[in-house]
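J.: Here's a sequence, model it:
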Amino acid sequence: MTITSGTIRMEILGVADMVAREKGIDREEVIEAMEVAIQKSSRARYGMERDIRATIDRKTGEISLYAYREVVEEVENDVTQISLKEATTRDPLLKIGEFLKEPLPPIDLGRVAAQTAKQVIFQRVRDAERQRQYNEYKNRIGDIINGQVKRVEFGNVIIELGQSEALLARDQLLPRETFRSGDRIRAYIMDVRQELRGPQVFLSRSDPGFMTKLFAQEVPEIYEGVIEIKAVARDPGSRAKIAVYSADKSLDPVGACVGMRGSRVQAVTSELQGEKVDIIPWSSNPAVFIVNALVPAEATKVVLDEDMHRVEVVVPDDQLSLAIGRRGQNVRLTSILTSWGIDVISESQESERRNAQVKNLSRLFVEALDVDDVLAHLLVTEGFITVEEVAYIDLKDLVAIEGFEEELANELKSRAQTYLEKKDVEFTKQFKELGVDKSLTKFPGLTPKMLVTLGENNIKNLNDLADLASDELRELFSHLTEAEANEMIMEARKNWFKGTSKP
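T.: Numbering: from 1, shown residues only. Next up is the predicted model:
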């Protein structure tokens with residue numbers, strides 16, 4: 001089919017209106033695409049090196065063609081440039097850097113030129129469609145959308161969203177979940193970004209946010225903000241934990257999410273292919289929150305290590321496997337939900353470890369203080385775990401222990417101090433043999449025992465200490481807090497700046 005310029009003039013505005021309406025894009029964008037197409041076809045006729053521009057009158061559809069030449073002082077390319085002297089003979093108002101517009105006669109677009117024009121128009125329209133899609137969905141990240149499966153390619157699902165398409169990648173599907181062309185589907189808008197092939201909407205059914213939004217749709221109290229979802233942890237298609245909280249003390253957030261006879265949570269579970277959901281009451285107290293999150297197991301003891309951000313949970317022997325879960329699923333989801341590292345042990349394991357610790361500590365006190373097993377065990381029972389604690393405890397606190405008279409307390413403190421002095425002599429000999437520099441021996445906070453540990457790890461001078469990171473120092477000395485380790489390293493680094501002048 002041959003399209004003449006006369007035909008385009010008569011129909012071009014009508015075509016622009018039709019395309020804009022069908023594709024849902026702005027009419028101006030369609031007309032601009034047509035102008036580009038006409039320019040490209042005109043260059044093929046008048047010369048590809050020429051700067052030809054086309055304009056379409058927005059009211060009449062009249063097409064105007066012009067060849068542009070830049071006004072310059074010295075012409076290097078007479079096809080695209082014109083001297084100021086020659087240009088002013090045609091238009092006296094022209095200046096350097098402006099363009100002389102020379103009208104060109106309209107052309108008939110033959111079959112090849114018309115096809116080229118069509119391709120340019122369609123490409124520009126597709127680009128405009130993609131930009132419209134990006135603008136429409138970029139602010140909807142985190143929403144749930146409904147769509148229809150258009151096709152499935154290598155396990156990836158292409159979903160039709162009205163006039164747009166979205167990608168649900170295979171790794172964002174639930175395990176063993178399959179879709180066929182024409183199926184209706186709900187998914188979570190995970191991301192919208194510009195790709196090489198244009199804007200792309202990425203969907204997910206395995207993202208924790210999908211579960212959050214599903215509950216918001218099923219539970220009015222969440223949608224209204226009365227109940228807040230604090231955290232979500234998912235093993236997609238298998239099990240999930242969700243922590244909920246309400247500032248309204250008269251409202252049971254867990255009960256509201258479960259619904260009458262479990263109707264609300266069941267609706268979410270059905271959408272997620274039977275994924276089991278544990279609804280957990282959130283607490284600002286980490287220990288309480290962790291105990292709640294470990295359901296269905298019941299904890300008997302929780303020990304928090306805030307410096308390491310880890311927690312040890314003790315459970316009855318018959319609930320150890322329940323607490324850990326199949327392939328560690330329960331404890332893993334609990335750790336994700338609470339953001340704490342979790343170690344689960346049974347009561348018998350904890351008892352064995354405690355008994356071994358008591359024996360070791362008792363043996364230490366027997367050897368260091370030259371006391372019998374009964375007295376050593378009593379010290380351990382009262383919470384003493386190092387000889388240093390016995391040596392430097394206030395005498396009144398030691399006498400306060402039942403059965404400890406002042407004479408005995410003084411004797412224990414004296415023996416402890418003597419033992420530490422003897423050990424310091426041994427440690428001093430050791431760190432000297434290891435070649436520890438004097439710059440470290442004079443460093444505040446480092447005991448002879450710590451100097452030996454540093455020397456054994458090839459940290460023998462102040463620069464070696466300054467080069468460490470806080471976590472590396474804490475690996476050597478577990479008793480140090482993160483703040484103490486940082487302070488020690490920064491103190492060592494002051495040596496780097498000595499003698500430097502201010503700018």
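J.: can I see the domain layout of this structure?
T.: When the chain is parsed with automatic domain parsing, its domains come out as 5-132, 141-206, 285-385, 434-503.
J.: ranges for the helices of the stretch 51-200 of the chain?
T.: Ranges of helices within the stretch 51-200 of the chain are 84-90, 111-137, based on DSSP state H, counting those that start in this stretch.
J.: Which of the ones you listed has the lowest mean pLDDT?
T.: Of all the helices of the stretch 51-200 of the chain, mean pLDDT reaches its minimum on helix 111-137 (a mean of 67).
J.: Would you map the strands across the stretch 151-300 of the chain?
T.: Taking DSSP state E, counting those that start in this stretch as the criterion, the stretch 151-300 of the chain contains strands spanning 156-161, 164-168, 184-195, 198-204, 227-235, 239-246, 276-281.
J.: Low-confidence bits of the stretch 401-503 of the chain, can you list those?
T.: Under the criterion pLDDT under 70, the flagged ranges of the stretch 401-503 of the chain are 498-503.
J.: I misspoke; the intended subject was the chain.
T.: Low-confidence segments of the chain (pLDDT under 70): 1-11, 23-25, 107-121, 124-125, 198, 498-503.
J.: same thing but 50
T.: Along the chain, the parts satisfying pLDDT under 50 run over 1-8, 10, 112-113, 499-503.
J.: hmm, what's the outermost residue in it?
T.: Largest separation from the mean C-alpha position in the chain: Thr89, at 65.6 Å (C-alpha atoms, centre = their mean).
J.: Nearest residue to Asn458 in space, please, no chain neighbours.
T.: Nearest non-adjacent residue to Asn458, counting by C-beta to C-beta, 6 or more residues apart in numbering: Asp464, 7.3 Å away. (C-beta placed from N, C-alpha, C; glycine too.)
J.: Val303 too?
T.: Glu312 (4.4 Å).
J.: how about the one you found, what does it touch?
T.: Val302, Val303, Asp305, Ile342, Asp343, Val344, Ile345 (C-beta atoms under 8 Å, 6 or more residues apart in numbering).
J.: who wins for most neighbours among these?
T.: For those, the largest neighbour count, defined by other C-beta atoms under 10 Å, is 24 neighbours, found at Val344.
J.: can you list contacts of the host helix or strand of that residue?
T.: Assigned by DSSP states H and E, Val344 belongs to strand 341-346. Strand 341-346 is contacted by residues 290, 294, 308-317, 320, 323-324, 331, 334-335, 353 when judged by C-beta under 8 Å, 6+ apart.
J.: What is the end-to-end distance of stretch 18-34?
T.: Start-to-end span of stretch 18-34 (C-alpha to C-alpha, to the nearest Å) is 13 Å.
J.: and after the one helix or strand Arg415 maps to, which helix or strand comes next?
T.: Assigned by DSSP H and E, Arg415 falls within helix 406-433. Sequence-wise, the next helix or strand downstream of helix 406-433 (DSSP H and E) is helix 438-441.
J.: and the helix or strand following that next one, how far out from the chain's middle?
T.: Later in the chain than helix 438-441, the nearest helix or strand by DSSP H and E is helix 448-456. Its chain's C-alpha centre and that of helix 448-456 lie 40 Å apart, by C-alpha atoms, centre = their mean, to the nearest Å.
J.: And helix 448-456, what's buried?
T.: Across helix 448-456, burial judged by 16 or more other C-beta atoms under 10 Å covers Pro448, Lys449, Met450, Leu451, Val452, Thr453, Leu454, Gly455.
J.: before we move on, what about stretch 284-296?
T.: Of the residues in stretch 284-296, those buried under the neighbour-count criterion (16+ other C-beta under 10 Å) are Pro286, Ala287, Phe289, Ile290, Val291, Asn292, Ala293, Leu294, Val295.
J.: Can you tell me how far the residue lying closest to Leu451 once chain neighbours are set aside is from Lys460?
T.: In this structure, Leu451 finds its nearest non-sequential neighbour in Phe431, 4.1 Å apart by C-beta to C-beta, 6+ apart. Using C-beta to C-beta, to the nearest Å, we find Phe431 at a distance of 9 Å from Lys460.
J.: Of these two, which one has the most company?
T.: Applying other C-beta under 10 Å to Phe431 and Lys460 shows that Phe431 carries more neighbours, namely 23 against 18.
J.: quick one, what contacts that one?
T.: Contacts of Phe431 by C-beta under 8 Å, 6+ apart are Thr441, Pro448, Leu451, Val452, Leu454, Gly455.
J.: what's around Arg474, how many residues?
T.: Neighbour count for Arg474, taken as other C-beta under 10 Å: 19.
J.: helix or strand for it, which one?
T.: Judged by DSSP H and E, Arg474 forms part of helix 470-476.
J.: Go through that helix and flag the buried ones.
T.: Buried-residue list, helix 470-476, by 16+ other C-beta under 10 Å: Ser470, Leu473, Arg474.
J.: The nearest residue to Arg151 once chain neighbours are set aside and Ala466: what is the separation?
T.: Leaving aside its chain neighbours, Arg151 sits nearest to Ile158 (5.0 Å; criterion: C-beta to C-beta, 6+ apart). As judged by C-beta to C-beta, Ile158 and Ala466 stand 57 Å apart.
J.: Switch the contacts of Glu312 over to TSV; also include distance to Gly209.
T.: Formatted as TSV, the contacts of Glu312 follow (distance: C-beta to C-beta, whole Å):
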residue	distance to Gly209
Val302	30
Val303	33
Asp305	31
Ile342	24
Asp343	29
Val344	28
Ile345	34
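J.: before we move on, back to that, list the buried ones in the helix holding Arg415?
T.: Neighbour counts over helix 406-433 (16+ other C-beta under 10 Å) mark Ala409, Leu412, Lys413, Arg415, Ala416, Tyr419, Leu420, Phe427, Thr428, Gln430, Phe431 as buried.
J.: Report the contact partners of the fifth one.
T.: Shown here is Ala416, whose contacts under the criterion C-beta under 8 Å, 6+ apart are Ala368, Leu369, Val387, Glu388, Val390, Ala391.
J.: run the last query once more with 6 Å
T.: By C-beta atoms under 6 Å, 6 or more residues apart in numbering, Ala416 lies in contact with Val387, Val390, Ala391.
J.: The second one falls within a helix, correct?
T.: Put plainly, it is Val390. Yes: assignment of Val390 by DSSP: H, G, I helix; E, B strand; the rest coil places it within a helix.
J.: The closest residue in space to it that isn't next to it in sequence and Lys429, how far apart?
T.: Spatially, and ignoring its direct neighbours in sequence, Val390 is nearest to Ala416 (4.2 Å; C-beta to C-beta, 6+ apart). Per C-beta to C-beta, Ala416 is found 21 Å from Lys429.
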